[in-house]
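# Pasting the sequence and the predicted coordinates here, then a few questions.
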Amino acid sequence: DGTVRLLPWPAAAALGFGLLDGLGLYDSVRDLFLSGEQLHPTQHHQVTHALTVGDRAPQWNSAKSKELKCQFFPDQLASWLGCTLTTYATAAAVLHPRISPALTTPEAGEVAELGESDFFSAATEDRYPDLFHLAHDTHPDPGPVREHLAALPCQSVVLGHDAAANADALTRLADTLVTAG
């Protein structure tokens, strides 16, 4: 029917240090980790070390081609990060966020388009490798989803490290995008 329904993701959620810092959550995540709480076992040891020593800089793989991020269990999105989880939603717009630590006021960016890098598959997702080569038989063609998402309003946004300003800007931008759609 042209609607993209979103369901909760029952796997690890990846958040980079820039986003955690920008949302004002880095210190509380680090404190919970240092107190003995565990993050998802798919987290790269480099990220674990950076949390241990308090290094907030983005962590990169050895080829500098992929940011390494904190890996949270789904329930930690609520218990650690204070996110209210939903059981169902409908996509109304697509937003491409970027964090710029020096930015004091969030800025709506350009109208964006979806690209190949906005989607992952068994071929690109390396946290859960397809050891038995089954994914190609169990995952439907993403083409129809891609087409439906491409029909939605799509915009970029640059956020800073002021969590309240980010929340206000994202609320206004979401309202604008949904109204436009």
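Sure, I can see it.

# In three-state terms, label residue 158 for me.
strand (DSSP: H, G, I helix; E, B strand; the rest coil).

# check contacts around it.
Residues counted as contacts of residue 158 (CB atoms under 8 Å, 6 or more residues apart in numbering) are 97, 98, 99, 100, 103, 106, 107, 109. Every residue, glycine included, has its C-beta placed from N, CA and C.

# bridging residues for it?
residue 98, residue 107 (DSSP bridges).

# Next one: it relative to residue 43, how far apart?
27 Å (CB to CB, to the nearest Å).

# any chance you could map the strands in the chain?
Here the chain has its strands, by DSSP state E, at 5-6, 13-15, 59-60, 67-68, 70-72, 89-90, 94-99, 107-111, 154-159.

# Indicate which one of those strands is closest to residue 51.
The closest of these to residue 51 is strand 70-72. By CB to CB, the value is 7.2 Å.

# same for that closest one, what does it pack against?
Under the contact definition 3 or more CB pairs under 8 Å, 6 or more residues apart in numbering; DSSP states H and E, strand 70-72 sits against strand 13-15, helix 45-53.

# at 6 Å instead, please
Contact partners of strand 70-72 among helices and strands, from 3 or more CB pairs under 6 Å, 6 or more residues apart in numbering; DSSP states H and E: strand 13-15.

# what's next to the strand it packs on, contact-wise?
Identification of contacts with strand 13-15 by CB atoms under 6 Å, 6 or more residues apart in numbering yields 69, 70, 71, 72, 77.

# OK, contacts around the fourth one?
The neighbourhood of residue 72, defined by CB under 6 Å, 6+ apart, consists of residue 13.

# likewise the first one?
With CB under 6 Å, 6+ apart as the criterion, the residues that contact residue 69 are 14, 15, 16.

# Not counting sequence-adjacent ones, nearest residue to it?
Distance criterion CB to CB, 6 or more residues apart in numbering; nearest residue to residue 69, sequence neighbours excluded, is residue 14 at 4.0 Å.

# do the same with the second one
Counting by CB to CB, 6+ apart, residue 15 is the residue found nearest to residue 70 once chain neighbours are left out, at 5.3 Å.
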